[in-house]
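Chemist: got a sequence here, can you model it:
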Amino acid sequence: MRKMTERSSTKSGMPPGSLVHVGERKAEEPEITIVDYDAEHLTERRAHTIDECVPFRDTPTVTWINIAGIHDIEVLRELGECYGIHPLVMEDILNTHQRPKFEEFERYLFIVLKSLSLDPTAAEITAEQVSLIVGPNLLISFEEAPADVFNAVRERLRADRGRIRTAGADYLAYCLLDTVVDHYYVVLESLAGMIEEVEDQLVGNPSQDMLQRVHKLKRELIYLRKSVWPLREVLAVLERTDTELIRETTDIYLRDVYDHTIQIVDTIESLRDIVSGMHDTYLSSVSNRLNEVMKVLTIFATIFIPLTFFAGVYGMNFEYMPELRWRWGYFVVWGVMIAATGAMLAYFRRKKWF
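Modeler: Presented below is the predicted three-dimensional model:
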């Protein structure tokens, strides 16, 4: 539950716009990559300082600056001053506990979303914050750690596939959003497989360990919903905004991402309903097993009631009992007991009690 209630008090009492990194440090040093391109040319390089980004500030080509590792406050402060990013925006970028959001400024758009991954061994979902600054011919992305989630977009730029090289920074922002949202499907597919496996085990062999796994899956789905649900609103507002930074030709692609998000949210709700019902399935399975055990014990107890009666009668130590001195008395009593047992078993079978 820690990741559900995680908060930080390190900024308590500080003025608005104070740059403090809130979250886990997930990279040794920030990695700054620059991709500058147009329809004819593409330049890709690794930068070591923010000063290397200055020559690309006013170029007519599209520039994509990606920073992986946001714990270095000085690097982000220099970048914010270089590109005129509001201190409150930089504060939100450094706070990795932000919910998905969208804010519109005069010269740029600010988007926050979560990149999700699933550890199949621990059955645990982890989320990393991705922040986007979209300006005219400029896109700046911020990641908590170097990851391969955007590698497909880089490969499309290098290979010049599709219209990505001929479109603007708004289309590049769409590509990054679409890549993150598409990865949600991978997480959901793996999670659905885990839920199906646990559900089968619950029906066949319910145990306390299975119940713990159900509760863990339920927590992960709540966390997943918390990370994805606000993105639907973000994309809806982004699609309807009248800013000149989003071209009309890009709106249709944003609507497509919005549709994907709706599908993902619906799938999450369906999985939540399944997991919520799995607790009832566990209780029903345990109850059924208990009923089967009690039925078997009851049948055995019922069979031995008349046998106990016969044994009790002939266990009495009265001197004048004719059967005690009869030569075949012992065998007759055994025959009566066996016949009574057989009659009861036949009756139980006829009633389909076993």
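Chemist: how close does Met337 sit to Leu188?
Modeler: 63 Å (CB to CB, to the nearest Å). Bear in mind the C-beta positions are built from the backbone N, C-alpha and C, glycine included.
Chemist: break down this structure into its strands, ranges please.
Modeler: 31-37, 42-47, 62-68, 101-104, 109-119, 124-135, 138-143 (DSSP state E).
Chemist: can I get the ones you listed in JSON lines with mean pLDDT and mean neighbour count?
Modeler: Formatted as JSON lines, the strands of the chain follow (pLDDT from 0 to 100; neighbours: other CB atoms under 10 Å):
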{"stretch": "strand 31-37", "mean pLDDT": "92", "mean neighbour count": "18"}
{"stretch": "strand 42-47", "mean pLDDT": "91", "mean neighbour count": "13"}
{"stretch": "strand 62-68", "mean pLDDT": "93", "mean neighbour count": "23"}
{"stretch": "strand 101-104", "mean pLDDT": "93", "mean neighbour count": "16"}
{"stretch": "strand 109-119", "mean pLDDT": "92", "mean neighbour count": "20"}
{"stretch": "strand 124-135", "mean pLDDT": "92", "mean neighbour count": "20"}
{"stretch": "strand 138-143", "mean pLDDT": "94", "mean neighbour count": "22"}
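Chemist: Ile222 is nearest to which of those?
Modeler: strand 124-135 (10.1 Å; CB to CB).
Chemist: and that closest one, how far out from the chain's middle?
Modeler: 15 Å (CA atoms, centre = their mean, to the nearest Å).
Chemist: and for stretch 19-30?
Modeler: Distance, centroid of stretch 19-30 to centroid of chain: 23 Å (CA atoms, centre = their mean).
Chemist: same thing with stretch 213-223?
Modeler: 8 Å.
Chemist: buried sites along that stretch?
Modeler: Arg213, Val214, Lys216, Leu217, Lys218, Arg219, Glu220, Leu221, Tyr223 (16 or more other CB atoms under 10 Å).
Chemist: same deal with stretch 175-195?
Modeler: 175-181, 183-184, 187-188, 190-191, 194-195.
Chemist: ok, so of the residues you listed, who is nearest Lys351?
Modeler: Checking the buried residues of stretch 175-195 one by one against Lys351 (CB to CB), the nearest turns out to be Ile195, at 39.0 Å.
Chemist: surely the closest one meets Ile274?
Modeler: Yes. Counting by CB atoms under 8 Å, Ile195 touches Ile274, with 6.0 Å between them.
Chemist: what is the closest residue to Asn137 other than its chain neighbours paired to in the beta sheet?
Modeler: What sits nearest to Asn137 in space, not counting adjacent residues and going by CB to CB, 6 or more residues apart in numbering, is Val62, at 5.2 Å. Judged by DSSP bridges, the bridge partners of Val62 are Tyr37.
Chemist: contacts only, for Val62.
Modeler: Counting by CB atoms under 8 Å, 6 or more residues apart in numbering, Val62 touches Asp36, Tyr37, Asp38, Asn137, Leu138, Leu139, Gly168, Ala169, Leu172.
Chemist: helices of this protein, start to end?
Modeler: When secondary structure is read from DSSP state H, the chain shows helices at 73-83, 87-94, 151-159, 169-204, 208-240, 248-313, 329-350.
Chemist: quick one: distance of the fourth one to the chain centre.
Modeler: Pointing back at helix 169-204 there. 8 Å.
Chemist: equivalent analysis for the longest one, please.
Modeler: On the basis of CA atoms, centre = their mean, helix 248-313 sits 21 Å off its chain's mean C-alpha point.
Chemist: helices or strands up against that helix?
Modeler: Judged by 3 or more CB pairs under 8 Å, 6 or more residues apart in numbering; DSSP states H and E, helix 248-313 is in contact with helix 169-204, helix 208-240, helix 329-350.
Chemist: redo those as JSON lines? Include distance to Glu143 and mean pLDDT.
Modeler: Output for the helices and strands packed on helix 248-313, formatted as JSON lines (distance: least, CB to CB, whole Å; pLDDT from 0 to 100):
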{"stretch": "helix 169-204", "distance to Glu143": "10", "mean pLDDT": "89"}
{"stretch": "helix 208-240", "distance to Glu143": "15", "mean pLDDT": "87"}
{"stretch": "helix 329-350", "distance to Glu143": "68", "mean pLDDT": "85"}
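Chemist: right, and those helices - which one's nearest Phe309?
Modeler: Closest among those, using CB to CB: helix 329-350, at 9.3 Å.
Chemist: nearest to Pro120, out of the helices of the chain?
Modeler: helix 169-204 (6.0 Å).
Chemist: that closest one to strand 31-37, inter-axis angle?
Modeler: Helix 169-204 and strand 31-37 meet at an angle of 130 degrees, taking axes from the mean of the first three to the mean of the last three CA atoms, to 10 degrees as the criterion.
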